[in-house]
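[1] Everything below, folded, please.
(one chain, ligands or ions: 2)
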Amino acid sequence: MTLRRRRTALYMPASNARAIAKARGLACDVVILDLEDAVAPDEKARARQQVVDEIGAGGFGTRELVVRINALDTPWGADDAAAVRAIGADAVLVPKMASVSGLAAVRHALREDGPPIWAMIETCAGVLALPALAAAAGEMRLAALVAGTNDLAKEMRCRPGADRMPLVPALAGLVTAARAAGIVALDGVCNALDAPDRFAAECAQGVALGFDGKTLIHPAQIDAAHAAFGPSAEDLAWARAVIAAFAAPGNADKGAIRLDGQMVERLHLAEAEAVVAEV
Ligand SMILES: CC(C)(COP(=O)(O)OP(=O)(O)OC[C@H]1O[C@@H](n2cnc3c(N)ncnc32)[C@H](O)[C@@H]1OP(=O)(O)O)[C@@H](O)C(=O)NCCC(=O)NCCSC(=O)C[C@H](O)C(=O)O
Ligand SMILES: [Mg+2]
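    Ligands and ions are numbered 1, 2, ... in the order given. Predicted coordinates:
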């Protein structure tokens, strides 16, 4: 079974045909066609039709295709949901998710057999609803939680700065909820476009927090995010050593062994096998 990689999820305005055409050749794992914040109100209907046309045209290869719709309580949300629920999108990303009732309304709008839901956690209410959303994930076919750090910082009236300190509790809570539900956790975007060191530091923080990957706003961010969220050479070496150690004579029936001065359990063997399977 190959693990589906979600190291990089690149947003692009669904109104930008040039960006969408470019996406068919970009190395990102996920393409997010955005109908929400990146599209001006007078462009919404045209962008929605462009999403239908572009997904119908195909050509995105193995990239996961996600459409971010407008929230159902906006003038465009219901039409977005109706337009995208049966066009072959791999998932629908829903902004400002804040309750199980809101999740149920989206599930209803997309129909039970419609695409899986990816929910953006980007409001204070959404952060407080994380345990309930995690508990409802299976029934509602919620498949990912995605941090919306711009909106969350705005509502919290905090100033994240380079270390995003004010947001770390919410980010860790999102990862915790995603792990409890057995679903994907994606970090928020980094708005700094020409600051590779800041971007790399934010990716490293996202890895340390346990995120599966990061949402991006520019193709130039893809390579650094892949380097951060993919297995490093050290990760691979350790994984291979763990696998070899448990395969060694006398260890086959052991639950825990000593390796390089550390206790290694069978859970680490499963992790090691998953890391090796990624490359
Ligand atoms: C941020 C940008 C507006 C910058 O655009 P621009 O100045 O045009 O970038 P470049 O000149 O460097 O572009 C170089 C080429 O790359 C293409 N490009 C740029 N961005 C993308 C993209 N996201 N996807 C695909 N291709 C892209 C340009 O077309 C150029 O190509 P070419 O013309 O062939 O040379 C722009 O990067 C942009 O629009 N980014 C996406 C913005 C977006 O989608 N925002 C919404 C999601 S973020 C969010 O909402 C956060 C969340 O909700 C929260 O609350 O935190
Ligand atoms: Mg947002």
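
[2] which bits of the stretch 101-250 of the chain sit near ligand 2?
    Within the stretch 101-250 of the chain, the positions near ligand 2 by C-beta under 5 Å from the ion are E122, G148, D151. Every C-beta, even on glycine, is put in place using the N, C-alpha and C of the backbone.

[3] in the stretch 51-200 of the chain, which spans are strands?
    64-68, 91-94, 117-121, 142-147, 184-187 (DSSP state E, counting those that start in this stretch).

[4] sorry, back to before: just the ones in helices from the residues of the stretch 101-250 of the chain next to ligand 2, please.
    D151 (DSSP state H).

[5] Redo the residues of the stretch 101-250 of the chain next to ligand 2 as JSON lines? Include neighbour count.
    Output for those, formatted as JSON lines (neighbours: other C-beta atoms under 10 Å):
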{"residue": "E122", "neighbour count": "24"}
{"residue": "G148", "neighbour count": "25"}
{"residue": "D151", "neighbour count": "18"}
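
[6] nearest to A82, of the strands of the stretch 51-200 of the chain?
    strand 91-94 (11.4 Å; C-beta to C-beta).

[7] looking only at pLDDT, what's the mean for the closest one?
    Across strand 91-94, the average pLDDT comes to 98.

[8] Adjacent strands (with direction) for it?
    strand 64-68 (parallel), strand 117-121 (parallel) (DSSP bridges).

[9] now the first one against strand 142-147, angle please.
    It refers to strand 64-68. Between strand 64-68 and strand 142-147, the angle comes out at 70 degrees (axes from the mean of the first three to the mean of the last three C-alpha atoms, to 10 degrees).

[10] Check the last one too.
    Between strand 117-121 and strand 142-147, the angle comes out at 20 degrees (the same axes, to 10 degrees).

[11] So which bits of strand 117-121 are buried?
    Neighbour-count burial for strand 117-121, counted by 16 or more other C-beta atoms under 10 Å, picks out I117, W118, A119, M120, I121.

[12] who touches the second one in this structure?
    With C-beta atoms under 8 Å, 6 or more residues apart in numbering as the criterion, the residues that contact W118 are V66, A91, V92, L93, V94, L142, A143, A144, L145, V146, V184, L186.

[13] Quickly list what the residue lying closest to the last one once chain neighbours are set aside is bridged to.
    Counting by C-beta to C-beta, 6 or more residues apart in numbering, the nearest residue to L186 once its immediate chain neighbours are dropped is V146, at 4.6 Å. Under DSSP bridges, the beta-bridge partners of V146 are M120, L186.
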